[in-house]
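Chemist: my questions concern the predicted model and sequence given below.
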Amino acid sequence: MPRPTRYITTPIYYVNDVPHIGHAYTTIACDVWARFWRLDGAEVFFLTGTDEHGQKVAKAAEASGESPQAFTDRVSQTFRELARSMNIANDDFIRTTEPRHYRACEELWRRIHAAGDLYLGEYGGWYAVRDEAFYRESETTLGEDGVRRGPTGAPVEWVKEPSWFFRLSAWQERLLELYERNPDFIQPTSRRNEVISFVRAGLEDLSVSRTSFAWGVPVPDSPGHVMYVWLDALTNYLTAAGFPDETHPRWRFWPADVHVVGKDILRFHAVYWPAFLMSAGLPPPKRVFAHGWWTVEGQKMSKSLGNVVDPREEIARVGLDPFRFFLLREIPFGQDGDFTRRGLLKRLNVDLANEFGNLAQRTLGFVARNTGGVLPSPDVLSEDDRALLDAAAGLLPAMRIEIERFAFHAALEGAWQVIRDANAYIDREKPWALRKEDPVRMGTVLWVLAETLRRLAILLQPVMPDTMGRLLDQLGVGTEARDFAALAHPLPGGRPLPQPEPLFRKVEETVGQGG
Ligand code: MSP
């Protein structure tokens, strides 16, 4: 049977800024999803990258005194390094300044043009450089400070220039049909409803080229015009799949299974993008999932407040895997959440160190001290043994459903239920008492615990790849036996295990942790 293919993308990040927790969040979530389906036997293509054109990036380059190319080369590299430092297993890293991307943009433009959906006109209206978005007058408000702002709070400026337009108004009904026929196209449902109301309210044609600056992909056969940065940026998802070369080995991944985006950029992905694609005769993605936003210690994260969370600092403080775990466990993906240092330490010290770390330490430490480091073989299994093993075996089917719908917190909560069950099982079975009374029974109890740990470690690899790799090492599980197919093959008893090491290092809360 051919392996199923799956294609997942993060947004491509603007290179005007240093990476923050918002960037880390989406990328880690996609990484977990990609790793999960890979371990489950799928062929996964996982894409991330940087968005390097447009006025916002051009202005940032100017402010730093570098040429746009030198500036984007440098900042793009910091995003690549962030991905590496977060142990992200992406298959490609796309930059919109690459030649392959220019080719894809030009071809998409030509196809949309050939379909009759582009016309030349003049744009007169409001534009927010910070959002790289056009707003209707009714979406803006004039503040007491005399500054007019868009719905996101970004200042807008009046733009009047020759422009190409995309006939978005002509796509209203077909977009509504797309949402109707594919109820999962936009997730979560609350976001889907918002997009549907927006489209129902009527769509205006969209300005898709700019003439007042040059930092973009030139419009084919139209000197002076560069493509609107969002048309350029969205096309990255096609570029990386080999477009326009339909014989490219990656083309079989299109349409993408899911674009994961923050709620602020859903409109671009769920309205403009499928319209561009359908106009060009290409199938739209199967799903767009919008996650929520993090505030920091109760406040909106912003440079002016000076509270931007640098993922690299948090990782240095608590370790990478606890950071990954925290982001996905703390709040349901799709909802907003608050990032607090106290919350992060609590997840590390309680969920990870006390609950999971202790389970491993109690089990493997006991084997090291009492059975000469050899994992015993099981004898007859009791009802109590079976209940724990069955609970662990039930995790894979449950996690498949939860990971598919991005319910990471629920998938993790299910695993933690088993961890708590296993800790209660040790307290009930008391292997320390069995050591003298019934060593055979003690052996069975230890084996049941080790086998439960093996299952947990295999299933939690997507979230905590390093730490679970170390746990599997301690259980003597070879690297060839770590995918989900291997779940069906229980640990052999009678083998010596390596010396156990603690999985997690607690970090105590100190005064002034808030800063
Ligand atoms: N370049 C565009 C995306 C183009 S995709 C074809 C862009 N880039 S961005 O760097 O500004 O933002 C990237 C992502 O970070 C967005 O999905 C946004 O929602 C997310 N976040 C920015 N701040 C965030 C939080 N405070 N919390 C969670 N995610 C946040 O938009």
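Modeler: Sure thing, it's come through.
Chemist: how is Ile426 assigned, secondary-structure-wise?
Modeler: The assignment at Ile426 comes out as helix when based on DSSP: H, G, I helix; E, B strand; the rest coil.
Chemist: around the ligand, pick out the residues from the chain.
Modeler: With C-beta under 6 Å from any ligand atom as the criterion, the chain meets the ligand at residues 11-14, 22-23, 25-26, 51, 233-234, 236, 261-262, 264-265, 293-294, 301. Where C-beta positions appear, they are placed from N, C-alpha and C, glycine not excepted.
Chemist: just the residues you listed: which are in helices?
Modeler: Members of those lying in helices (criterion: DSSP state H): Gly22, His23, Tyr25, Thr26, Ala233, Leu234, Asn236.
Chemist: from those, pick the one nearest the ligand.
Modeler: For those, the residue nearest the ligand by C-beta to the nearest ligand atom is Gly22; the value is 2.5 Å.
Chemist: what sits against the closest one?
Modeler: The contact partners of Gly22, taken as C-beta atoms under 8 Å, 6 or more residues apart in numbering, are Gly262, Trp293, Trp294, Met301.
Chemist: in those, which residue is surrounded by the most others?
Modeler: Counting neighbours by other C-beta atoms under 10 Å, Trp294 comes out on top of these with 21 neighbours.
Chemist: which regions of the chain sit below the pLDDT cut-off?
Modeler: Judged by pLDDT under 70, the chain has its weakly predicted residues at 511-515.
Chemist: residue in it nearest to the ligand?
Modeler: Using C-beta to the nearest ligand atom, the single residue of the chain nearest to the ligand is Gly262, 1.6 Å away.
Chemist: from Phe268, how far out is that residue?
Modeler: For Gly262, the distance to Phe268 equals 11 Å [C-beta to C-beta, to the nearest Å].
Chemist: likewise for Tyr179?
Modeler: 16 Å.
Chemist: ok, what's across the strand from the nearest residue to Glu137 once chain neighbours are set aside?
Modeler: Spatially, and ignoring its direct neighbours in sequence, Glu137 is nearest to Trp126 (6.5 Å; C-beta to C-beta, 6 or more residues apart in numbering). In this entry, Trp126 is beta-bridged to Tyr135, Trp158, by DSSP bridges.
Chemist: contacts only, for Trp126.
Modeler: By C-beta under 8 Å, 6+ apart, the residues touching Trp126 are Phe134, Tyr135, Arg136, Glu137, Glu139, Thr140, Arg148, Gly150, Val156, Glu157, Trp158, Val159.
Chemist: let's see that with 10 Å instead.
Modeler: By C-beta atoms under 10 Å, 6 or more residues apart in numbering, the contact set of Trp126 is 133-137, 139-140, 148-150, 155-159.
Chemist: among those, which ones are buried?
Modeler: Buried members of these, counted by 16 or more other C-beta atoms under 10 Å: Ala133, Phe134, Tyr135, Thr140, Arg148, Arg149, Gly150, Pro155, Val156, Val159.
Chemist: find the pair from the residues you listed with maximum spatial separation.
Modeler: Farthest-apart pair in the buried ones among the contacts of Trp126 is Arg149 and Val159; separation 15.3 Å (C-beta to C-beta).
Chemist: any chance of the buried ones among the contacts of Trp126 in TSV, with distance to Arg505 too?
Modeler: As requested, the buried ones among the contacts of Trp126 are exported to TSV (distance: C-beta to C-beta, whole Å):
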residue	distance to Arg505
Ala133	44
Phe134	50
Tyr135	48
Thr140	50
Arg148	51
Arg149	45
Gly150	45
Pro155	45
Val156	48
Val159	53
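Chemist: restricted to helices, list the residues you listed.
Modeler: Per DSSP H, these never map to helices.
Chemist: between the residues you listed, which sits nearest Pro496?
Modeler: Comparing the buried ones among the contacts of Trp126 against Pro496 with C-beta to C-beta places Ala133 closest, at 61.8 Å.
Chemist: for that closest one, what are its contacts?
Modeler: With contact taken as C-beta under 10 Å, 6+ apart, Ala133 is in contact with 126-127, 139, 150-152, 154, 156, 228-230, 264-265, 267-268.
Chemist: of these, which is the most crowded?
Modeler: Tyr228 (27 neighbours).
Chemist: list phi and psi for the residue lying closest to it once chain neighbours are set aside.
Modeler: If the residues on either side of it in the chain are set aside, Tyr228 comes closest to Val208, at 4.5 Å by C-beta to C-beta, 6+ apart. Dihedral pair for Val208: phi -120, psi 20, per degrees, to the nearest 10.
Chemist: wait, Val208 touches Trp109, no?
Modeler: Yes - counting by C-beta atoms under 10 Å, Val208 touches Trp109, with 8.5 Å between them.
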